[in-house]
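Participant: need a 3D model of the following:
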Amino acid sequence: TIMSHLGRPNGSPSKKLSLMPVGEELAKLLEIPIKFSEDCISSDAIDTSLGLKPGEVHLLENLRFYSEEVANDKKFSRSLSRHGHIYINDAFGTSHRSHASNVGVTSFFKHAGIGWLMHKELNFLKGLMEKPKRDFTVIVGGAKVSTKIQLLDNFIHKANNIIIGGGMAFTFMKAMGKNIGGSLLEESMVPVALKLINKARMKNVNLVLPIDVVCSRTVDSQPIEGFFAIENIPKNAMGLDIGIETLKLFKSILSSSKTILWNGPMGVFENKSFSKGTEELGKILSKIILEGAKVIVGGGDTAAALELFGLHRNMTHVSTGGGAS
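Facilitator: Numbering: from 1, shown residues only. Model prediction:
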């Protein structure tokens, strides 16, 4: 019996977020018919699971059609546990969420374990991160500092270099008293960024920020021609991608790195005008891997970007988890 979820239906059924198409694809891959239940905890669904013969597969409808899944409700967890005798969690991408199907349900099983994917992820992430080959460089991007605080705090004790790109870089620049024009700023995170800057200095960690950017009036408007040094970002413009000099700077640091962890894009890669920085960084890393370095990519947006540029297969390991990794 397989249980999973799709999207964020917020506790109510949605045709768009049904797992029925997943069941159809699975049936094709396994070349057998798949049993499917439209209600994951109905008595019919539980009877179907209990009546399965060896070799048969039963897929439950989207667990998040019940708000009790995200709330880690005990009664809901108990109902889910009635589907089987052994529990295996292979959903690494949601392993950082305390939900009914991955946390609550385990207390109702005598036998519980992890699957092959979870095993592979833990081996890569734990094995390479505990004793990384030096130099060890962490690249952090994305829009907000607030979503990356734990990551930065964790690696400030371990990394030789921390490279910061994406929208979050401007909060760090502001903390250092630099001009950021009209770029994205998390005002409440400025003191936190300053604390991290000082911590990096004390730990002798090389904290690297962009030195030039691609600018535009808005995310949807055309980029202003050329690259702007940080001190020259116009007041009415925002930095939306890293520039050519920044890429050179990042490359010089990465070329002497043996272990690299990358989490978060360097710009608004979904818009072709601001995707070059993330794409070029992916190409730089692809070449460094050929020279013997290991590059681990935290999933989410970074994985999506690399897939878009056809570079995901070049990486040592692309995690299936964003926040989870």
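Participant: where along the stretch 51-200 of the chain do the strands fall?
Facilitator: Counting by DSSP state E, counting those that start in this stretch, the segments of the stretch 51-200 of the chain that form strands are 58-60, 86-89, 111-114, 136-140, 161-164.
Participant: relative to L290, which of the ones you listed is closest?
Facilitator: L290 lies closest to strand 136-140 among the strands of the stretch 51-200 of the chain, at 16.9 Å (CB to CB). The C-beta positions use only the backbone N, C-alpha and C, and glycine is treated the same way.
Participant: and I197, how far from A91?
Facilitator: For I197, the distance to A91 (CB to CB, to the nearest Å) stands at 36 Å.
Participant: if we can go back for a sec, could the strands of the stretch 51-200 of the chain go into a markdown table alongside mean neighbour count and mean pLDDT?
Facilitator: Putting these into a markdown table (neighbours: other CB atoms under 10 Å; pLDDT from 0 to 100) gives the following:
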| stretch | mean neighbour count | mean pLDDT |
| --- | --- | --- |
| strand 58-60 | 23 | 98 |
| strand 86-89 | 15 | 98 |
| strand 111-114 | 13 | 97 |
| strand 136-140 | 25 | 97 |
| strand 161-164 | 25 | 98 |
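Participant: hmm, Y87 is touching I114, no?
Facilitator: No: Y87 sits out of contact with I114 when judged by CB atoms under 8 Å, with a separation of 10.0 Å.
Participant: okay, now the unreliable bits of this protein?
Facilitator: Regions of the chain meeting the criterion pLDDT under 70 are absent.
Participant: any chance you could map the helices in it?
Facilitator: Per DSSP state H, the chain has helices spanning 20-30, 43-50, 67-70, 74-81, 116-130, 149-155, 169-175, 190-202, 244-254, 276-290, 300-308. These are given in chain order.
Participant: so which of those helices is nearest G321?
Facilitator: helix 116-130 (6.8 Å).
Participant: buried ones in that closest one?
Facilitator: For helix 116-130, the buried set under the neighbour-count rule, 16 or more other CB atoms under 10 Å, comprises 118, 121, 124-125, 128-129.
Participant: need those in JSON lines with distance to A324, can you?
Facilitator: Formatted as JSON lines, these follow (distance: CB to CB, whole Å):
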{"residue": "M118", "distance to A324": "10"}
{"residue": "E121", "distance to A324": "8"}
{"residue": "F124", "distance to A324": "13"}
{"residue": "L125", "distance to A324": "9"}
{"residue": "L128", "distance to A324": "16"}
{"residue": "M129", "distance to A324": "14"}
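Participant: thank you kindly, that will do.
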